[in-house]
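[1] Quick one: sequence plus predicted model below, questions after.
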Amino acid sequence: MLDIRLIREQTALVKTELGKAGVAAAEIDRVVECDAERRRLQRELDELRARRTRESKELGRMAPEERESRRAEMRALGDQITAGEQQLAEIELRFNDLMLGIRNIPRPYVPVGNGEADNVIVRSEGEPRKFDFKPAPHWDLGEKLGIIDFERGVKLSGTRFYVLAGLGARLERALIAFMLDLKTREQGYLEIAPPLMVNTATATSTGHLPKNADTMYHDAEEDYWFIPTAELPLTSMYRDEIIETGRLPIYLTAYTPCFRREKMSAGRDVRGIKRGHQFDKVEMVKLVRPETSDDELQSLVENACEICRRLEIPFRVVQLCTADISFASAATYDIEMWAPGLGEWLEVSSCSNCTDFQMRRANIRYRPQKGGKTEFLHALNGSGLGLPRTLIAVMENYQQADGSIVIPEALRPYMGGADRISLA
RNA sequence: GGAGAGGUGGCCGAGUGGUCGAAGGCACCAGAUUGCUAAUCUGGCGUACUGGGUAACCGGUACCGAGGGUUCGAAUCCCUCCCUCUCCGCCA
């Protein structure tokens, strides 16, 4: 959520900045109008209520016979207040809807653009390996080695589901352990094992609700949302809390499965394990002081890059343009690993500075000055990394002419002695 | 799932219809004082919205788990829901 005061007092600026991300100026006008109406009603109602309090107290001090005569009058005032309250409640509902629907303002350094084509490749690291054979896509490798079973995944659940088996499952577990160890031992993150189903308030805090309700799995009976990313529980952990300054910055990491309907991507990436309804991910979340969040974004990106580096897989960092950053984000960098079998760059991480957008929704604050006013923190999140795509990159980059896959050095300690996945 | 108890300010905790935004304590802030790694005293100190003021600040309203109801008036009475704790049942 944006600060209504900013929208109110610097309407033109907000329109310009949001315009860069494709938000229509009319949307801002609607909010400003609704806000004015809301405040007008609020003031009226406050006056009526002040009168009631005042006169009720008088009434209490009156003699009983005198009291009766004023009752009817007071009851009418009470009805007027009730009517005003109902009216205000309606306006507030509409106001909140409007506010929840406005996206975050991009940071000034985010390149202005109209789509994916305007994203900027910031840097690349690692040389793509030269193959003296045609590198196979991971689905061929996985099936031949018996480590990915697509047919049985479909049998068990349906399209976009698959089964990892044997050293395939083991390799994914190794990646998870490797990533979590790096986060917790070297990068200062606290490991969390959060709930995978969250309530509406949690999903609203991060900006996934109300706008993206149709992209999430939802249990109607209990009103639980299956997390599309651990960003939801991690960012909302401290909802409605005032964080002690000494505890900042807070770095959290979690390995969780993620669930996504992938409605928007119907027909895209249907082959392989690149895009499933369920996938594993290691996530990073930071809650930091506002003035540090841009630096923290850089280090967040670096934290994710380090994984690619240690796996010795070529990657590049892409800065998303204003049109491509997500609803809650003010600045986003994607990290893409090279997948020689697919012949494409795979988005394995997306690191965002969400500034105070989510923190305002979640009401997570701190006190910059002891005894002073509270302020909203800034929240950042990034994958570190998405598992299926990392798995693809490992398989395709480390494949050999005979169809076997060599285990990257960094993962060997986690592979129970295996240094290669070969045909049985 | 059954029975009972309970949810009050950053924290603990009192408060059963008006003078309660709410006693008291802790924590915190400012000052005083004694001095020795801290104590004592005095004062201040909730959040949000809103009106006024350059500002310090002053005023109004709302908020005592959430939502509804009764009443001139609700933290307090009634209803529904959520959550926590204890006991029982069931269960991975």
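    Okay, I see it.
[2] Where does residue A:286 sit: helix, strand or coil?
    strand (DSSP: H, G, I helix; E, B strand; the rest coil).
[3] Does it touch residue A:253 like I think?
    No: using Cβ atoms under 8 Å, residue A:286 is not in contact with residue A:253, being 9.9 Å away. C-betas here are computed from N, CA, C, even on glycine.
[4] Which one of the two is surrounded by more residues?
    Neighbour count, other Cβ atoms under 10 Å: between residue A:286 and residue A:253, residue A:286 has more, with 30 against 24.
[5] and the residue of the stretch 151-300 of chain A nearest RNA strand B?
    Relative to RNA strand B, the nearest point of the stretch 151-300 of chain A is residue A:242 (5.6 Å; Cβ to the nearest atom of the strand).
[6] neighbours of that residue, just the number please.
    14.
[7] just the one 10 residues further on next, same as before
    Neighbourhood size, residue A:252 [other Cβ under 10 Å]: 23.
[8] Dihedrals phi and psi, it?
    Here is the backbone geometry of residue A:252 (degrees, to the nearest 10): phi -120, psi 150.
[9] and if you look at residue A:411?
    Torsion angles, degrees, to the nearest 10, at residue A:411: phi -100, psi -10.
[10] for the one 5 residues further on, same thing?
    When read as degrees, to the nearest 10, the backbone of residue A:416 gives phi 60, psi 40.
[11] Let me know whether it touches residue A:171 as I believe.
    No: using Cβ under 8 Å, residue A:416 is not in contact with residue A:171, being 10.7 Å away.
[12] ok, these two, which is more surrounded?
    For residue A:416 versus residue A:171, neighbours defined as other Cβ under 10 Å are more numerous around residue A:171 (25 against 10).
[13] For that one, give me its contacts.
    A:147, A:391, A:394, A:407, A:411, A:415, A:421 (Cβ atoms under 8 Å, 6 or more residues apart in numbering).
[14] Would you map the helices across the stretch 101-250 of chain A?
    For the stretch 101-250 of chain A, the helices defined by DSSP state H, counting those that start in this stretch cover A:138-145, A:150-156, A:167-181, A:200-205, A:231-236.
[15] quick one: contacts of stretch A:197-206?
    A:100, A:209-210, A:216, A:219, A:223-227, A:231-233, A:235-236, A:239, A:328, A:358, A:361-362.
[16] ChimeraX command to pick out the buried ones of those residues?
    In ChimeraX syntax, the buried subset of the contacts of stretch A:197-206 is picked out as below (16 or more other Cβ atoms under 10 Å):
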select /A:209,216,224,225,226,227,231,232,233,235,236,328,358,361,362
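[17] List, one by one, the residues from chain A near RNA strand B.
    Listed as neighbours of RNA strand B in chain A under the rule Cβ under 7 Å from any atom of the strand: A:4-5, A:39, A:42-43, A:45-47, A:49-50, A:52-57, A:59-60, A:67, A:71, A:74-75, A:77-78, A:82, A:89, A:242, A:370-371, A:373-374.
[18] now, which of these lie within strands?
    Among the residues of chain A next to RNA strand B, DSSP state E puts residue A:242 in strands.
[19] Any of the residues of chain A next to RNA strand B buried? List them.
    A:4, A:45, A:52, A:74, A:77.
[20] on that earlier part again, ok, the contacts of residue A:171 vs residue A:379, which is closest?
    residue A:391 (28.2 Å; Cβ to Cβ).
[21] what's near enough to touch the closest one?
    Listed by Cβ under 8 Å, 6+ apart, the contact set of residue A:391 reads A:138, A:168, A:171-172, A:175, A:273.
[22] What's the end-to-end length of stretch A:365-385?
    28 Å (Cα to Cα, to the nearest Å).
[23] what does stretch A:176-192 give?
    Stretch A:176-192: ends 13 Å apart by Cα to Cα.
[24] With stretch A:184-196 instead?
    21 Å.
[25] just stretch A:186-196 next, same as before
    26 Å.
[26] count of neighbours near the closest residue to residue A:404 other than its chain neighbours?
    The spatially closest residue to residue A:404, leaving aside those adjacent along the chain, is residue A:422, at 4.1 Å (Cβ to Cβ, 6 or more residues apart in numbering). Counted with other Cβ under 10 Å, residues neighbouring residue A:422 total 13.
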